[in-house]
Each structure stands twice: as structure tokens, then as C-alpha cells.
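Asker: take a look and give me a structure for this.
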Amino acid sequence: MQWCARRARSALAGLLLCLATAHAAADTGPVPPGAEVQALLQTVAATRDHAGRPFAVVDKKGARLHVFDGAARLIASTPVLLGAALGDHAVPGVGARPTGAIAPHERTTPAGRFAAEPGRNLGGEHVVWFDYDAGLAIHRLRPGASYAPRSARLASGQVDDKRVSLGCVVVPEAFYDGVVRPLLGRSRGTVYVLPENGPAQAWFNALQAS
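Answerer: Sure thing, here's the model as predicted:
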């Protein structure tokens, strides 16, 4: 009986994981961006700051990634995992440290405008670097022991549940392969990361002045 109960619990856990993963992967349509993303989009389109290339906007307050084509049209959106620590600045030199030496309060996803480019990490995985010096990239949800809990976090409706990475922007596998890699993974582009502390416009006034 105990063996049957364990098998039943295992099957249920697997089903819940599949449902959570499917929900996270399915929630990838072009969800209308919030007001701050819309304001940034108007500025980018008016100044052509993206140079006619595909670009992405990370809305940290909503824990979502919005991907646009070269004509500034929204292609798709997805929930994302972000840095575990609140904050809009990267700690100097953090990218040169081993991951185990990065303290919890240093695991931020910095805000700003980043020149992004595709590449490979030390494990040979295809990623889109947006702050290479800090070791930060947009990458897919990785297999391993953390896969199940992170899939559940992606599927959660609570923004606080999305704060778990070392600072990278983590997306569902299907979204990376179907949207990020085709649009951002073939040439250089731009990634705009909106701040979570203070108004976004203060970070991007330089775009209007250029």
C-alpha cells in the first residue's frame, strides 16, 4: 500500500509539474504592455534607438519580457524569472566571480539600455547577453534539480515568486526557441530593462535628448 501511495504521489507531482510548465509556456502571447513599457516604446519608435533591429523590454515590476521586431511591433510576451534581490544596479565586478561567491543581496537584474548580442555561456548554451561584464543574459529555463520549482515560479501569478535568479532573465524553453532565438539570437540588438525603483522615464531621458 505504501508503494502504491508513493507511486500515486509521484504521478500527481508529475502531473502538476506538466500543468505548471504548460501554463508558463502557453502564457506567451502578445500581452498588452503596461504604461511604462508603452511610454518607452513610443520613445524608441520616435528616435529609432533600436536602429531598425529587433529588441526586447524587460518589465521588472510585472516580471515580463516583451519582444518586438525591427518595426517596433510587439511579437510576443512571457513571464520571466529575475534576480533574487531587488535593485536596479549591478554590483561592480560581480561577473568575474563564481556563482557561489555572489551574495543573495547582490543578485540583481540591473535596469538600463543594453547593447545585446547572442553568444554562448561557459557551458556552451546559446544565450543572449545583455550585460556581458556582469555575466547577465536572457536564457531558457535549464534542466536539473531547479527545473520543477522554477517552472512552478514561472506559472505563478505572484510577481514575488519570479525573484530567484542570479540576475539573468530566464524564460520558458519554448519561448526562447520560438521567439528569443529567432529575433534576438542572430545578430546584435537592444534590451531595455525598466527599473523597479522610481519612474522608468528617468532612466531613458537620454534617448529623447539624442
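
Asker: and the spatially most central residue of the chain, what does it touch?
Answerer: Centroid-nearest residue in the chain: V169, 2.8 Å away (criterion: C-alpha atoms, centre = their mean). The contact partners of V169, by C-beta atoms under 8 Å, 6 or more residues apart in numbering, come to 58, 65, 80-82, 109, 130, 136-139. C-beta here means a position set from N, CA and C on the backbone, and glycine is covered the same way.

Asker: ok, so of the residues you listed, who is nearest G95?
Answerer: Set against G95, the nearest of the contacts of V169 by C-beta to C-beta is L136 (7.4 Å).

Asker: got any ranges where this structure has weak pLDDT?
Answerer: For the chain, the stretches flagged by pLDDT under 70 are 1-30, 206, 208-210.

Asker: okay, helices next: where are they in it?
Answerer: Remark: helices assigned in the chain by DSSP state H are 2-26, 35-47, 147-155, 173-175, 181-184, 201-209.

Asker: thinking again about what came up before, which residue sits closest to the residue nearest to the centre of the chain in space, ignoring its chain neighbours?
Answerer: Using C-beta to C-beta, 6 or more residues apart in numbering and skipping residues adjacent in sequence, the residue nearest V169 is I138, 4.6 Å away.

Asker: in the sheet, who's paired with the one you found?
Answerer: For I138, the beta-bridge partners under DSSP bridges are V128, V169.

Asker: what angle do the longest strand seen in the chain and helix 35-47 make?
Answerer: Looking across the chain with DSSP state E, the single longest strand is strand 112-120. For strand 112-120 against helix 35-47, the angle by axes from the mean of the first three to the mean of the last three C-alpha atoms, to 10 degrees is 80 degrees.

Asker: counting by contacts, list what strand 112-120 packs against.
Answerer: strand 126-131, helix 181-184, strand 189-194, helix 201-209 (3 or more C-beta pairs under 8 Å, 6 or more residues apart in numbering; DSSP states H and E).

Asker: mind exporting the first one as CSV, just the C-alpha atoms?
Answerer: Listed next in CSV are the C-alpha coordinates belonging to strand 126-131 (Å, rounded to 0.1, in the frame of the first residue of the first chain):
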residue,chain,number,x,y,z
HIS,A,126,23.1,29.6,-26.5
VAL,A,127,22.2,32.8,-24.7
VAL,A,128,21.5,36.5,-25.5
TRP,A,129,24.0,38.6,-23.5
PHE,A,130,22.6,41.9,-22.3
ASP,A,131,25.3,42.8,-19.7
